[in-house]
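In: Return a 3D structure for these sequence lines:
(one chain, ligands or ions: 1)
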Amino acid sequence: MSGAAPAPVCLRDLEPLVADRLEAGPLGYFAGGAGDERTLADNEAAFARRRLLPRVLVDVEGVTTRTTVLGTEIALPVIVAPVALQKMAHPDGEPGMARAAAGAGTVMTVSTLATATPREVAEAAPGAPRWFQLYVLKDRAVTHALVDEAVDCGYDALVVTVDAPRAGRRERDLRTGFAVPPGIDMPGVSAAAGHSAGLTPAGFFSLVDPSLTWKDLERLVDAVELPVLVKGIHAPADARLAIQHGAAGVVVSNHGGRQLDGVPAGIDLLEPVAQEVAGEVEVLVDGGVRRGSDVLKALALGARAVLVGRPLLWGLAWDGEAGARWVLETLRAEIELDLMLLGAAAPGAVSRAHVL
Ligand SMILES: Cc1cc2nc3c(=O)[nH]c(=O)nc-3n(C[C@H](O)[C@H](O)[C@H](O)COP(=O)(O)O)c2cc1C
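Out: Numbers count the residues shown, from 1 in each chain. Below is the predicted model:
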């Protein structure tokens with residue numbers, strides 16, 4: 001923790017704290033979005049446009065932030081999003097993030113583009129809930145090996161990301177000339193490409209199979225015993241197709257504004273999808289969650305829980321595992337307070353009527 005810097009109070013305090021510690025390339029890779037970054041900006045702006053409507057004289061003395069996702073108990077309706085290259089933020093990397101998630105009582109999602117193997121992350125936080133995020137690679141042998149490792153190591157679900165047949169046009173990376181720095185290894189990428197240092201995002205995304213279709217998803221669902229969540233759903237019709245092809249849930253996500261610029265904010269995509277499928281499967285959402293009140297808005301519009309990406313990266317960059325834990329604990333405290341002020345004693349008590 002840096003001595004002189006003021007202590008952060010909320011999640012938004014973190015990025016300025018760490019911005020001068022990171023090189024321009026990694027900073028732009030973490031912070032940036034695609035194209036004009038309209039969707040990136042809108043992810044946060046759309047939360048600001050929504051208004052909460054409290055109910056009063058509701059007994060909230062026994063307030064709890066606990067809930068479940070896919071049958072797993074979690075201490076707060078916030079899950080660690082799959083985010084690539086975490087050792088580039090801090091040497092604690094994904095193992096540290098997994099310990100932070102375990103300590104805070106929630107699920108860690110490990111990326112295919114992680115800088116640790118699925119086994120190393122599992123061993124860092126034994127017994128804690130964890131999901132593996134899968135990019136289906138052209139190299140199916142490497143893809144299957146990653147899935148087998150996740151299954152062997154007790155991962156609880158697969159999160160198949162479907163919005164990235166290629167990397168979006170991330171112009172911050174083009175301006176800084178970002179490539180994976182020497183000494184940083186993504187074992188999944190190295191298994192497919194022989195190495196990962198020196199690759200650009202366009203380079204490592206070129207390993208992803210762009211010919212994937214719903215049939216492939218169904219084959220995967222049939223082949224793997226774990227529940228499969230489909231991440232990157234925008235259209236209600238695709239949420240319906242995901243269920244028809246065996247998905248256990250969907251993650252409504254525009255990938256943090258990093259793929260197709262010009263799509264709606266995550267929170268604006270949520271309600272139509274939830275109306276289509278929320279009675280049948282669990283619906284999660286991400287993009288721009290920075291406050292406990294954002295989480296409540298997502299619950300009100302039909303999400304079971306949210307995923308958080310960048311703030312956890314900034315927490316990790318700030319103070320490693322402890323910094324990521326601070327982010328989750330801060331969100332938990334905000335959610336608890338905001339539930340009381342909203343007049344809802346638990347995540348499940350938040351309804352459509354609580355948001356305008
Ligand atoms: C630096 C960075 C790397 C990411 N890497 C992945 C990834 O490897 N796989 C994936 O499915 N999503 C990835 N995402 C998207 C996140 O899972 C999530 O959808 C997004 O960060 C949510 O938005 P937020 O950062 O505003 O919370 C990444 C996001 C960022 C910022």
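In: hmm, who's touching the host helix or strand of residue 46?
Out: If you go by DSSP states H and E, residue 46 is part of helix 38-49. Identification of contacts with helix 38-49 by CB atoms under 8 Å, 6 or more residues apart in numbering yields 32-34, 254, 256-258, 260-268, 287-291, 293-294, 297. Any C-beta I mention is one placed from the backbone N, CA and C, and that applies to glycine too.
In: Which among these count as buried?
Out: In these, burial by neighbour count holds for 32-34, 254, 256-258, 260-261, 263-268, 287-291, 293-294, 297, counting by 16 or more other CB atoms under 10 Å.
In: residue contacts, residue 217?
Out: So residue 217 contacts 160, 162, 228, 230, 242, 245, 246, 247 (CB under 8 Å, 6+ apart).
In: Figure out the helix or strand that it lives in.
Out: With DSSP H and E as the criterion, residue 217 is inside helix 214-223.
In: List of residues touching whatever helix or strand comes next after that helix?
Out: As assigned by DSSP H and E, the chain's next helix or strand after helix 214-223 is strand 228-233. Counting contacts by CB under 8 Å, 6+ apart, the residues outside strand 228-233 that touch it are 70, 82, 131, 133, 157-164, 217, 220-221, 239, 242, 246-255, 259, 269, 273, 284.
In: Check stretch 138-158 too.
Out: Outside stretch 138-158, the residues touching it (CB under 8 Å, 6+ apart) are 70, 72, 107, 110, 112, 117-119, 122-123, 129-134, 136-137, 188, 191-192, 207-209, 220, 224-229, 248.
In: Buried members of these into PyMOL, please.
Out: Selecting only the buried entries of those in PyMOL, with 16+ other CB under 10 Å as the criterion:
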select buried, resi 70+107+110+112+117+118+122+129+130+131+132+133+134+136+137+188+191+192+207+208+220+224+226+227+228+229+248
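In: Just give the number of residues close to the residue lying closest to residue 86 once chain neighbours are set aside.
Out: Here the nearest residue to residue 86 in space, its sequence neighbours aside, is residue 93; by CB to CB, 6 or more residues apart in numbering that works out to 4.4 Å. Residue 93 has 23 neighbours, counted by other CB atoms under 10 Å.
In: can you tell me which residues contact residue 93?
Out: With CB under 8 Å, 6+ apart, residue 93 has these contacts: 86, 87, 114, 115, 116, 316.
In: Could you do residue 161 as well?
Out: 82, 112, 133, 134, 135, 231, 232, 255.
In: what about the nearest residue to the fifth one once chain neighbours are set aside, helix or strand, and which?
Out: The reference is to residue 135. Among residues not flanking residue 135 along the chain, residue 112 sits closest, at 4.4 Å (CB to CB, 6+ apart). Assessed by DSSP H and E, residue 112 sits outside every helix and strand.
In: if I look at residue 112, how far off is the ligand?
Out: Counting by CB to the nearest ligand atom, to the nearest Å, the gap from residue 112 to the ligand is 6 Å.
In: What segments of the protein are strands?
Out: With DSSP state E as the definition, the chain shows strands at residue ranges 67-69, 72-74, 78-80, 108-110, 130-134, 157-161, 228-233, 249-252, 282-286, 305-308.
In: Just send these back as CSV, with distance to the ligand and mean pLDDT too.
Out: As requested, those are exported to CSV (distance: least, CB to the nearest ligand atom, whole Å; pLDDT from 0 to 100):
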stretch, distance to the ligand, mean pLDDT
strand 67-69, 15, 98
strand 72-74, 17, 98
strand 78-80, 9, 99
strand 108-110, 7, 98
strand 130-134, 5, 98
strand 157-161, 4, 98
strand 228-233, 5, 98
strand 249-252, 8, 98
strand 282-286, 4, 98
strand 305-308, 5, 99
